[in-house]
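J.: show me how the following folds:
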Amino acid sequence: MTVAIEAHDLTRSFGENVALDGLTFQLEVGEVLALLGPNGAGKTTTVRLLNGVLNPDRGSARVLGLDPVADGEELRRRTGVLTENAGLDDRLTARENLLFVARIRGLRGEEGASRVDDLLGRFGMIDRADDKVQGFSTGQRKRLALARALLHDPEVLFLDEPTSGLDPAATRDVIDLIGSLATERGRTVVLCTHFLGEAGRLAHRMAVLHHGHLHAYGRPDELAAQLWDGIDADLDLGAPADDRTVALLVDLDGVQAAETSANGLRVRVQSREAMAAVVAMLVGREVPVYGAVPRTPTLEDVYFAVEAQFRSRGAPSE
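T.: Prediction:
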(Lines give C-alpha, C1' and ligand atoms only; values in the text may rest on other atoms or scores of the structure.)
Protein backbone atom coordinates (compact mmCIF):
# COMPACT_ATOMS: atom_id res chain seq x y z
CA MET A 1 0.00 0.00 0.00
CA THR A 2 1.06 3.59 -0.68
CA VAL A 3 1.52 5.93 2.26
CA ALA A 4 -0.83 8.94 2.14
CA ILE A 5 0.10 10.66 5.41
CA GLU A 6 3.08 10.29 7.69
CA ALA A 7 4.14 12.35 10.66
CA HIS A 8 7.33 12.13 12.70
CA ASP A 9 7.77 13.82 16.07
CA LEU A 10 5.27 16.53 15.07
CA THR A 11 5.17 19.16 17.82
CA ARG A 12 3.47 22.53 18.18
CA SER A 13 3.07 24.94 21.10
CA PHE A 14 1.09 28.14 21.57
CA GLY A 15 2.98 30.18 24.12
CA GLU A 16 3.56 27.89 27.08
CA ASN A 17 0.76 25.54 26.04
CA VAL A 18 1.99 22.41 24.22
CA ALA A 19 -0.89 21.59 21.87
CA LEU A 20 0.82 18.62 20.20
CA ASP A 21 3.87 16.76 21.45
CA GLY A 22 5.86 14.26 19.37
CA LEU A 23 3.07 12.93 17.16
CA THR A 24 4.27 10.03 14.99
CA PHE A 25 2.02 7.89 12.80
CA GLN A 26 1.47 6.64 9.24
CA LEU A 27 -1.75 6.29 7.21
CA GLU A 28 -2.14 4.49 3.89
CA VAL A 29 -4.03 5.64 0.80
CA GLY A 30 -7.74 4.79 0.98
CA GLU A 31 -7.85 4.47 4.76
CA VAL A 32 -10.11 6.35 7.16
CA LEU A 33 -8.44 7.51 10.37
CA ALA A 34 -10.64 8.37 13.35
CA LEU A 35 -8.79 11.11 15.24
CA LEU A 36 -10.27 10.95 18.73
CA GLY A 37 -9.93 12.67 22.05
CA PRO A 38 -11.64 15.23 24.28
CA ASN A 39 -11.72 18.94 23.50
CA GLY A 40 -8.21 20.38 23.70
CA ALA A 41 -6.53 17.06 22.95
CA GLY A 42 -4.74 18.36 19.84
CA LYS A 43 -7.00 17.15 17.01
CA THR A 44 -7.51 20.51 15.30
CA THR A 45 -3.82 21.39 15.65
CA THR A 46 -2.94 18.06 14.00
CA VAL A 47 -5.18 18.79 11.00
CA ARG A 48 -3.78 22.30 10.60
CA LEU A 49 -0.22 21.02 10.69
CA LEU A 50 -0.91 18.26 8.17
CA ASN A 51 -2.63 20.69 5.81
CA GLY A 52 0.14 23.30 6.01
CA VAL A 53 -1.94 25.95 7.78
CA LEU A 54 0.40 25.84 10.81
CA ASN A 55 4.13 25.18 10.93
CA PRO A 56 5.51 22.76 13.51
CA ASP A 57 7.96 23.77 16.22
CA ARG A 58 9.64 20.39 15.78
CA GLY A 59 9.25 17.33 13.61
CA SER A 60 7.97 16.86 10.08
CA ALA A 61 5.10 15.48 8.01
CA ARG A 62 4.46 14.29 4.47
CA VAL A 63 1.00 14.30 2.91
CA LEU A 64 0.66 12.80 -0.59
CA GLY A 65 4.45 12.96 -0.70
CA LEU A 66 4.45 16.72 -0.09
CA ASP A 67 5.93 18.68 2.79
CA PRO A 68 3.10 20.80 4.28
CA VAL A 69 5.58 23.53 5.24
CA ALA A 70 7.34 23.87 1.87
CA ASP A 71 4.51 22.74 -0.41
CA GLY A 72 1.46 23.99 1.46
CA GLU A 73 -0.22 25.70 -1.48
CA GLU A 74 0.18 22.70 -3.79
CA LEU A 75 -0.93 20.35 -1.02
CA ARG A 76 -4.13 22.30 -0.31
CA ARG A 77 -5.08 22.01 -3.98
CA ARG A 78 -5.23 18.25 -3.43
CA THR A 79 -6.96 18.18 -0.04
CA GLY A 80 -10.41 19.13 1.21
CA VAL A 81 -11.23 20.46 4.66
CA LEU A 82 -14.48 20.63 6.60
CA THR A 83 -14.12 22.70 9.76
CA GLU A 84 -16.56 22.60 12.67
CA ASN A 85 -17.51 26.18 11.78
CA ALA A 86 -18.90 26.04 8.24
CA GLY A 87 -17.52 29.49 7.31
CA LEU A 88 -20.07 30.17 4.57
CA ASP A 89 -20.87 33.62 3.18
CA ASP A 90 -24.37 34.43 4.44
CA ARG A 91 -24.83 37.12 1.80
CA LEU A 92 -24.66 34.55 -1.01
CA THR A 93 -26.99 31.76 -2.02
CA ALA A 94 -26.04 28.12 -1.66
CA ARG A 95 -25.20 27.89 -5.35
CA GLU A 96 -23.20 31.13 -5.28
CA ASN A 97 -21.15 29.90 -2.31
CA LEU A 98 -20.17 26.79 -4.24
CA LEU A 99 -19.61 28.55 -7.56
CA PHE A 100 -17.29 31.04 -5.86
CA VAL A 101 -15.14 28.22 -4.46
CA ALA A 102 -15.34 26.34 -7.77
CA ARG A 103 -13.79 29.31 -9.57
CA ILE A 104 -11.01 29.50 -6.96
CA ARG A 105 -10.39 25.79 -7.52
CA GLY A 106 -10.15 26.28 -11.27
CA LEU A 107 -13.57 24.80 -12.09
CA ARG A 108 -15.15 27.33 -14.44
CA GLY A 109 -18.03 27.54 -16.88
CA GLU A 110 -20.13 24.45 -17.50
CA GLU A 111 -17.70 22.17 -15.67
CA GLY A 112 -18.03 24.17 -12.46
CA ALA A 113 -21.78 24.64 -12.74
CA SER A 114 -22.31 20.93 -13.39
CA ARG A 115 -20.17 19.93 -10.42
CA VAL A 116 -22.00 22.39 -8.16
CA ASP A 117 -25.45 21.13 -9.19
CA ASP A 118 -24.35 17.52 -8.78
CA LEU A 119 -23.21 18.15 -5.19
CA LEU A 120 -26.29 20.23 -4.33
CA GLY A 121 -28.40 17.30 -5.48
CA ARG A 122 -26.30 14.72 -3.66
CA PHE A 123 -26.72 16.59 -0.37
CA GLY A 124 -30.42 17.29 -0.81
CA MET A 125 -29.92 21.02 -1.25
CA ILE A 126 -31.07 21.55 -4.83
CA ASP A 127 -34.42 23.02 -3.71
CA ARG A 128 -32.55 25.61 -1.60
CA ALA A 129 -29.86 26.30 -4.20
CA ASP A 130 -30.96 29.88 -4.86
CA ASP A 131 -31.79 30.79 -1.25
CA LYS A 132 -29.43 32.94 0.77
CA VAL A 133 -27.43 30.93 3.29
CA GLN A 134 -28.28 33.36 6.10
CA GLY A 135 -31.56 31.57 6.81
CA PHE A 136 -30.16 28.01 6.71
CA SER A 137 -30.32 25.61 9.64
CA THR A 138 -27.19 24.11 11.20
CA GLY A 139 -27.71 20.87 9.29
CA GLN A 140 -28.18 22.65 5.96
CA ARG A 141 -25.04 24.70 6.52
CA LYS A 142 -23.07 21.55 7.38
CA ARG A 143 -24.22 19.78 4.21
CA LEU A 144 -23.31 22.78 2.09
CA ALA A 145 -19.89 23.04 3.73
CA LEU A 146 -19.24 19.35 3.06
CA ALA A 147 -20.25 19.81 -0.58
CA ARG A 148 -17.77 22.69 -0.77
CA ALA A 149 -14.98 20.49 0.62
CA LEU A 150 -15.68 17.90 -2.11
CA LEU A 151 -15.92 20.32 -5.07
CA HIS A 152 -12.45 19.64 -6.47
CA ASP A 153 -12.55 15.87 -5.78
CA PRO A 154 -9.69 15.96 -3.23
CA GLU A 155 -7.39 13.01 -2.64
CA VAL A 156 -7.31 13.59 1.14
CA LEU A 157 -10.20 14.86 3.26
CA PHE A 158 -9.90 16.39 6.73
CA LEU A 159 -13.37 16.31 8.30
CA ASP A 160 -14.14 17.93 11.65
CA GLU A 161 -17.46 16.69 13.10
CA PRO A 162 -19.07 16.15 9.67
CA THR A 163 -22.40 14.88 11.05
CA SER A 164 -22.98 17.27 13.95
CA GLY A 165 -26.29 19.08 13.52
CA LEU A 166 -27.58 16.64 10.91
CA ASP A 167 -30.84 14.71 11.17
CA PRO A 168 -30.65 10.88 11.17
CA ALA A 169 -31.28 10.52 7.43
CA ALA A 170 -28.65 13.11 6.51
CA THR A 171 -26.22 11.54 8.99
CA ARG A 172 -26.67 8.15 7.34
CA ASP A 173 -26.11 9.66 3.90
CA VAL A 174 -22.92 11.44 4.97
CA ILE A 175 -21.53 8.30 6.62
CA ASP A 176 -22.29 6.28 3.48
CA LEU A 177 -20.62 8.95 1.34
CA ILE A 178 -17.46 9.03 3.47
CA GLY A 179 -17.28 5.25 3.37
CA SER A 180 -17.68 5.15 -0.40
CA LEU A 181 -15.05 7.84 -0.91
CA ALA A 182 -12.54 5.56 0.82
CA THR A 183 -13.59 2.13 -0.41
CA GLU A 184 -14.66 2.97 -3.97
CA ARG A 185 -12.68 6.10 -4.77
CA GLY A 186 -9.50 5.38 -2.83
CA ARG A 187 -9.70 8.68 -0.96
CA THR A 188 -7.92 9.06 2.38
CA VAL A 189 -9.97 10.56 5.22
CA VAL A 190 -8.97 12.00 8.59
CA LEU A 191 -12.14 12.13 10.66
CA CYS A 192 -12.31 14.16 13.88
CA THR A 193 -15.47 13.23 15.75
CA HIS A 194 -17.04 12.70 19.16
CA PHE A 195 -19.56 10.23 17.72
CA LEU A 196 -17.74 6.97 18.40
CA GLY A 197 -20.40 4.76 16.84
CA GLU A 198 -20.03 6.55 13.52
CA ALA A 199 -16.24 6.41 13.77
CA GLY A 200 -16.47 2.67 14.37
CA ARG A 201 -18.45 2.18 11.16
CA LEU A 202 -15.91 4.06 9.06
CA ALA A 203 -12.43 3.89 10.56
CA HIS A 204 -9.68 1.54 9.45
CA ARG A 205 -7.40 3.03 12.10
CA MET A 206 -7.90 5.10 15.23
CA ALA A 207 -5.69 7.59 17.03
CA VAL A 208 -6.43 8.66 20.60
CA LEU A 209 -4.96 11.99 21.71
CA HIS A 210 -4.81 13.40 25.24
CA HIS A 211 -3.20 16.73 26.08
CA GLY A 212 -1.28 16.65 22.81
CA HIS A 213 0.13 13.15 23.32
CA LEU A 214 -0.75 10.14 21.18
CA HIS A 215 -1.83 7.40 23.58
CA ALA A 216 -3.02 4.78 21.11
CA TYR A 217 -2.75 4.28 17.38
CA GLY A 218 -3.65 1.36 15.14
CA ARG A 219 -6.48 -0.79 13.89
CA PRO A 220 -9.24 -1.19 16.49
CA ASP A 221 -8.98 -4.99 16.51
CA GLU A 222 -5.19 -4.85 17.00
CA LEU A 223 -5.54 -2.40 19.87
CA ALA A 224 -8.26 -4.57 21.41
CA ALA A 225 -5.93 -7.59 21.32
CA GLN A 226 -3.33 -5.55 23.24
CA LEU A 227 -5.88 -4.40 25.81
CA TRP A 228 -7.72 -7.64 26.54
CA ASP A 229 -6.94 -11.35 26.65
CA GLY A 230 -9.62 -13.92 26.02
CA ILE A 231 -12.96 -14.08 24.22
CA ASP A 232 -16.01 -11.91 24.78
CA ALA A 233 -19.45 -13.37 24.10
CA ASP A 234 -23.12 -12.58 24.58
CA LEU A 235 -25.23 -15.48 25.86
CA ASP A 236 -28.94 -15.40 25.01
CA LEU A 237 -30.85 -16.88 27.95
CA GLY A 238 -34.20 -15.36 27.05
CA ALA A 239 -34.09 -13.12 30.13
CA PRO A 240 -31.47 -11.38 32.30
CA ALA A 241 -29.40 -13.77 34.40
CA ASP A 242 -29.90 -13.65 38.17
CA ASP A 243 -27.15 -12.55 40.55
CA ARG A 244 -26.56 -16.11 41.81
CA THR A 245 -25.82 -17.36 38.28
CA VAL A 246 -23.41 -14.49 37.65
CA ALA A 247 -21.59 -15.19 40.92
CA LEU A 248 -21.18 -18.89 40.07
CA LEU A 249 -19.82 -18.07 36.63
CA VAL A 250 -17.25 -15.62 37.98
CA ASP A 251 -15.85 -18.41 40.18
CA LEU A 252 -15.60 -20.84 37.26
CA ASP A 253 -12.09 -21.64 35.97
CA GLY A 254 -11.27 -19.72 32.80
CA VAL A 255 -13.96 -17.05 33.29
CA GLN A 256 -12.47 -13.56 33.52
CA ALA A 257 -15.68 -11.55 33.82
CA ALA A 258 -19.45 -11.99 33.75
CA GLU A 259 -22.32 -9.55 33.93
CA THR A 260 -26.05 -9.52 33.36
CA SER A 261 -27.33 -8.27 30.01
CA ALA A 262 -30.81 -7.50 28.69
CA ASN A 263 -31.31 -11.04 27.35
CA GLY A 264 -28.94 -13.06 29.49
CA LEU A 265 -25.21 -12.71 30.11
CA ARG A 266 -22.09 -11.06 28.79
CA VAL A 267 -18.93 -13.01 29.59
CA ARG A 268 -15.20 -12.91 28.96
CA VAL A 269 -13.40 -16.26 28.98
CA GLN A 270 -9.82 -17.36 28.40
CA SER A 271 -10.54 -19.97 25.73
CA ARG A 272 -13.16 -21.86 23.71
CA GLU A 273 -12.95 -24.64 26.29
CA ALA A 274 -13.87 -22.21 29.05
CA MET A 275 -16.84 -21.05 26.98
CA ALA A 276 -17.99 -24.66 26.67
CA ALA A 277 -17.72 -25.01 30.46
CA VAL A 278 -19.88 -21.91 30.92
CA VAL A 279 -22.61 -23.29 28.68
CA ALA A 280 -22.40 -26.71 30.39
CA MET A 281 -22.78 -25.14 33.84
CA LEU A 282 -25.80 -23.13 32.73
CA VAL A 283 -27.48 -26.16 31.17
CA GLY A 284 -26.69 -28.18 34.32
CA ARG A 285 -28.59 -25.60 36.34
CA GLU A 286 -31.49 -25.90 33.87
CA VAL A 287 -30.88 -22.41 32.47
CA PRO A 288 -31.83 -22.42 28.77
CA VAL A 289 -29.08 -21.20 26.41
CA TYR A 290 -30.52 -20.06 23.10
CA GLY A 291 -27.29 -18.78 21.63
CA ALA A 292 -23.67 -17.78 22.31
CA VAL A 293 -22.35 -15.07 20.01
CA PRO A 294 -18.70 -13.95 20.12
CA ARG A 295 -18.46 -10.19 20.62
CA THR A 296 -15.60 -8.30 19.00
CA PRO A 297 -14.69 -5.16 20.97
CA THR A 298 -15.82 -2.03 19.15
CA LEU A 299 -13.88 1.15 18.49
CA GLU A 300 -15.93 2.68 21.30
CA ASP A 301 -14.85 -0.09 23.71
CA VAL A 302 -11.21 0.46 22.76
CA TYR A 303 -11.46 4.24 23.13
CA PHE A 304 -12.88 4.11 26.64
CA ALA A 305 -10.38 1.44 27.69
CA VAL A 306 -7.50 3.64 26.48
CA GLU A 307 -9.02 6.63 28.26
CA ALA A 308 -9.34 4.61 31.47
CA GLN A 309 -5.69 3.58 31.25
CA PHE A 310 -4.69 7.19 30.69
CA ARG A 311 -6.56 8.43 33.74
CA SER A 312 -5.41 5.53 35.93
CA ARG A 313 -1.86 6.81 35.50
CA GLY A 314 -2.87 10.01 37.26
CA ALA A 315 -3.27 12.21 34.20
CA PRO A 316 -5.62 15.15 34.69
CA SER A 317 -9.10 14.85 33.23
CA GLU A 318 -10.52 17.48 30.88
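J.: contacts for the longest helix belonging to the chain?
T.: Under DSSP state H, the helix in the chain containing the largest number of residues is helix 168-183. Residues outside helix 168-183 that contact it (CB atoms under 8 Å, 6 or more residues apart in numbering): 30-32, 122-124, 139, 143, 146, 157, 159, 162-163, 166, 187-189, 191, 198, 201-202, 204. In short, each C-beta sits where N, CA and C put it, glycine included.
J.: just the strands in the stretch 1-150 of the chain please.
T.: 3-14, 17-28, 32-36, 58-63, 79-82 (DSSP state E, counting those that start in this stretch).
J.: where in this structure is pLDDT low?
T.: The model of the chain has pLDDT under 70 over residues 1, 314-318.
J.: tell me the domain ranges of the protein?
T.: 3-78+154-224, 229-294 (automatic domain parsing).
J.: ranking the ones you listed by burial, who's on top?
T.: Greatest average neighbour count among these goes to domain 3-78+154-224 (a mean of 19), per mean count of other CB atoms under 10 Å.
J.: neighbouring contacts of stretch 249-263?
T.: With CB under 8 Å, 6+ apart, stretch 249-263 has contacts from 229-230, 234-243, 246, 265-271, 273-274, 277-278, 281.
J.: next one: that stretch to chain centre, how far?
T.: Centroid separation for stretch 249-263 versus its chain: 31 Å, with CA atoms, centre = their mean, to the nearest Å.
J.: hang on, the earlier thing: mind putting the strands of the stretch 1-150 of the chain into JSON lines with distance to residue 102?
T.: Listed next are these as JSON lines, based on distance: least, CB to CB, whole Å:
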{"stretch": "strand 3-14", "distance to residue 102": "25"}
{"stretch": "strand 17-28", "distance to residue 102": "28"}
{"stretch": "strand 32-36", "distance to residue 102": "26"}
{"stretch": "strand 58-63", "distance to residue 102": "23"}
{"stretch": "strand 79-82", "distance to residue 102": "13"}
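J.: spatially nearest residue to residue 159 (excluding sequence neighbours)?
T.: In this structure, residue 159 finds its nearest non-sequential neighbour in residue 82, 4.7 Å apart by CB to CB, 6 or more residues apart in numbering.
J.: and the one you found, what does it touch?
T.: 145, 146, 149, 157, 158, 159, 160, 162.
J.: helices of this protein, residue ranges please.
T.: Shown for the chain, the helices assigned by DSSP H span residues 43-50, 72-76, 94-104, 109-122, 138-150, 168-183, 196-202, 220-227, 243-250, 272-284, 299-312.
J.: what pairs with residue 60 across the strands?
T.: residue 8 (DSSP bridges).
J.: isn't it up against residue 10?
T.: Yes: look at residue 60 against residue 10 with CB atoms under 8 Å: they come within range, at 7.2 Å.
J.: re earlier: looking at the domains of the chain, spot the one closest to residue 94.
T.: Ranking these by proximity to residue 94 (CB to CB) places domain 3-78+154-224 first, at 14.9 Å.
J.: kindly check the end-to-end length of the closest one for me.
T.: The straight-line separation of the ends of domain 3-78+154-224 (CA to CA, to the nearest Å) is 24 Å.
J.: the chain should start at 83 in everything you say after this.
T.: All right, first residue 83 from here; so that's domain 85-160+236-306.
J.: residue 118 against residue 282, yeah?
T.: No: taking CB under 8 Å as the definition, residue 118 is not a contact partner of residue 282, at 10.5 Å.
J.: just give me the neighbour total for residue 233.
T.: Counted with other CB atoms under 10 Å, residues neighbouring residue 233 total 20.
J.: for it, give me its contacts.
T.: By CB under 8 Å, 6+ apart, residue 233 lies in contact with 162, 180, 183, 184, 187, 189, 197, 198, 201.
J.: repeat the analysis, applying 10 Å as the threshold.
T.: 162, 180-181, 183-184, 186-187, 189, 194, 197-198, 200-201 (CB atoms under 10 Å, 6 or more residues apart in numbering).
J.: likewise residue 236?
T.: Contacts of residue 236 (CB under 10 Å, 6+ apart): 146, 158, 159, 160, 161, 162, 163, 187, 263, 269, 270, 271.
J.: switch the cut-off to 6 Å
T.: Neighbour list for residue 236: 161, 162 [criterion: CB atoms under 6 Å, 6 or more residues apart in numbering].
J.: swap in residue 207?
T.: Here residue 207 is in contact with 176, 225 (CB under 6 Å, 6+ apart).
J.: relative to residue 280, how far out is residue 190?
T.: Per CB to CB, to the nearest Å, residue 190 is found 35 Å from residue 280.
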